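Colleague: Okay, here's the prediction I keep looking at, along with the sequence it came from:
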Amino acid sequence: MDFTETWNNTCSKIGYAARLGKVNLLNRCIRDKKPVDVADNRGGSDINWTTHEGETALLLACKRRQGEVANAFVNLLLQYGADPNIVDNEEDSPLLEAIRKNNHQVVEQLIAAGADVNASDCSSWSPLHAAATFQDPFLVQCLLKQNACIDARDECGMTPIFTAAQHGCEQCLKELLSAARDRNMKNAVNIGAEDWATPLMIAAQQGFLNCLNLLIEFGADSNLKTTDNVTALHLSVQGNHEDCLDVLLKTMDLEPLIKAFHPSTFENKDWICPLHLAVEKGSYGCLKKLLSTGFSPDSLYCCDENNLARLITFLPEKETALSYAAYKKDTESMAILLAAGASCNPVNGAYHPLLRAMRTLDPNAFHMLIDHGVDVNYPRTISPSRVALNEVFLCSFFAHPNLMRLVLYHGCDPNLSFQNESDVFFFIRCVGQFMRRNILDLPGLLKFLLQFLIINRGVQCAFHELNSLFPSDLEEIFEEISKPSTLKQICTIKLRQHLYSIHGVKLPHIIRLLGLPSFLEVDVAFYNLKLPVFHNYCNIHLLHNSCLKIIKISSQM
């Protein structure tokens, strides 16, 4: 190709006027301020010319060529004066691209040619950040020899030390930490990202045990928190990294964390309970380790998605890890917590675990709590002068209808819901919701409930109010509640109440052991309630087996 050949369409207007020898045209172009320094097609080009994206030939060689080919191109360009510090429109440099390609020889050439080892791109990502993502520490060593900035932070606040920990690059991490110590930058190990997450936290989250140990060796603080009050311990639990958790349990000051969620010292500090997190993520091994280290199996945390409290307003916001496990239908976590001594009843006024199991329609969680002696008549204290009505009974109106039959079978006492005007109000409110959600006739529901009730003014008021809300033919029922309960009815209910106060949900088993006449035993035990099904809500066979299991266990006691 003849590079001395001229082409009129490859030069500027001033160049074209000069070629034609037209002085007037040349003067007019100059007067109109046409550019006079535009190169034409002759005599090659400037080695540092850039594309529309601002890329030089050197940058393109580093970006698009690899191995010996890249090395040869870069060598030639640098010989002819290519500038290694010209960046493109995104502030990307040849050195940064060469490091991304992990091209050792090219990196060495660029550094020797004077490349700025601290030149970062538009996201503040530096060459040392990129080098720290490789297992081989060669590039990190090259940059550190040129005094690369160890505490450089990208747009998210991450340092090269953070990047090395994030990618599990143990050797790079060691080089960086050693250099930081040599430069008297010991706190570099704890520099957090934008959300205050530290290198130790990211190593724990990713499960990089060697990096975790290395960071602790160089002084990483395992007690630091993010802006969301998350610690390295939380992140190891989240990822179910038991080996990392073992290390952190030994190095952290656990007392503040344990006390923050212990039922006797609970404070809502916007912290995250590790036990609840372990349940959330299904980290069973971590859950066991936390319990063995001193976390209370009854640790408290705020409820999640508790819609029931909008209707039964006296229900609390806090709940135990067991309650949360019931909500998640996680019977394995429930078994671990119960084995560690978790209470299946509300602790320190917390949410009732049984309510969670009933709301999620999980027969396994429900019967696990029954097996461990859950209180279906739990007396919640609302104020020093008032004990609330039976919340388990009320909650049964929001579960499947057959769950009401189950809790009644195990001794749930509806009479606790008619002790005062406030109790009656909540009963009417819950039955109203129940009637709207289920295709059931009011007379049938009230007749069913009368089996378990001793007639009083509260019962009479509630039934009349419900009839005004859902007009029905209740003449027969009104006639029944207008008279005192029969002696047989009172004796039956009082006997059930007395036996429940002693034996709890073992009531059905205990009744069989009393040797009552068969006609009386049937009335007291309500055997017609013992094997309900959840229809389409759960597996019928599974529920049947669960009920049989309860009877079998009870018979052995």
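Modeller: Perfect, thanks for sending it. Residues are numbered from 1 along each chain as shown.
Colleague: just the strands in this structure please.
Modeller: Applying DSSP state E to the chain gives strands spanning 300-302, 318-320, 381-383, 386-387.
Colleague: tell me the contacts of Gln497?
Modeller: Each residue near Gln497 by CB atoms under 8 Å, 6 or more residues apart in numbering is listed here: 413, 415. Using the backbone N, CA and C atoms, a C-beta is placed for each residue, glycine as well.
Colleague: What distance do you get for it to Leu474?
Modeller: Distance of Gln497 to Leu474, computed by CB to CB, to the nearest Å: 27 Å.
Colleague: show me where pLDDT drops low in the protein?
Modeller: Applying pLDDT under 70 to the chain picks out residues 1-10, 36-45, 303-314, 382-389, 438-440, 530-557.
Colleague: nearest residue to Gln171 other than its sequence neighbours?
Modeller: Closest residue to Gln171 apart from its sequence neighbours, by CB to CB, 6 or more residues apart in numbering: Pro137 at 4.2 Å.
Colleague: can you check Ser472 too?
Modeller: Closest to Ser472 by CB to CB, 6+ apart is Leu442, at 4.4 Å.
Colleague: Name all residues that make contact with that neighbour.
Modeller: 435, 466-467, 470, 472, 474.
Colleague: Apply 7 Å and report the result again.
Modeller: 435, 466, 470, 472 (CB atoms under 7 Å, 6 or more residues apart in numbering).
Colleague: Any chance of those in a markdown table with distance to Ile454 and neighbour count as columns?
Modeller: Shown next, in a markdown table, are the contacts of Leu442 (distance: CB to CB, whole Å; neighbours: other CB atoms under 10 Å):
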| residue | distance to Ile454 | neighbour count |
| --- | --- | --- |
| Met435 | 23 | 18 |
| Leu466 | 18 | 20 |
| Phe470 | 24 | 16 |
| Ser472 | 23 | 16 |
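Colleague: Now render those residues as JSON lines, adding distance to Met201.
Modeller: Below are the contacts of Leu442 laid out as JSON lines (distance: CB to CB, whole Å):
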{"residue": "Met435", "distance to Met201": "51"}
{"residue": "Leu466", "distance to Met201": "56"}
{"residue": "Phe470", "distance to Met201": "56"}
{"residue": "Ser472", "distance to Met201": "61"}
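Colleague: so which of these would you say is closest to Asn89?
Modeller: Met435 (67.4 Å; CB to CB).
Colleague: Please list all residues in contact with the closest one.
Modeller: Here Met435 is in contact with 442, 470 (CB under 7 Å, 6+ apart).
Colleague: switch the cut-off to 6 Å
Modeller: Phe470 (CB atoms under 6 Å, 6 or more residues apart in numbering).
Colleague: got it, and Glu91?
Modeller: Listed by CB under 6 Å, 6+ apart, the contact partners of Glu91 are 121-122.
Colleague: do that again at 8 Å, thanks
Modeller: 119-122.
Colleague: ditto for Gln105
Modeller: Going by CB under 8 Å, 6+ apart, Gln105 touches Asn71.
Colleague: again, but for the one 4 residues further on
Modeller: Taking CB under 8 Å, 6+ apart, we find Gln109 in contact with 71, 74-75, 78.
Colleague: so which of these is the most crowded?
Modeller: Per-residue neighbour counts (other CB atoms under 10 Å) across the contacts of Gln109 peak at Val74, which has 26 neighbours.
Colleague: List the residues that contact that one.
Modeller: Applying CB under 8 Å, 6+ apart, the residues near Val74 are 58, 61-62, 94, 98, 106, 109-110.
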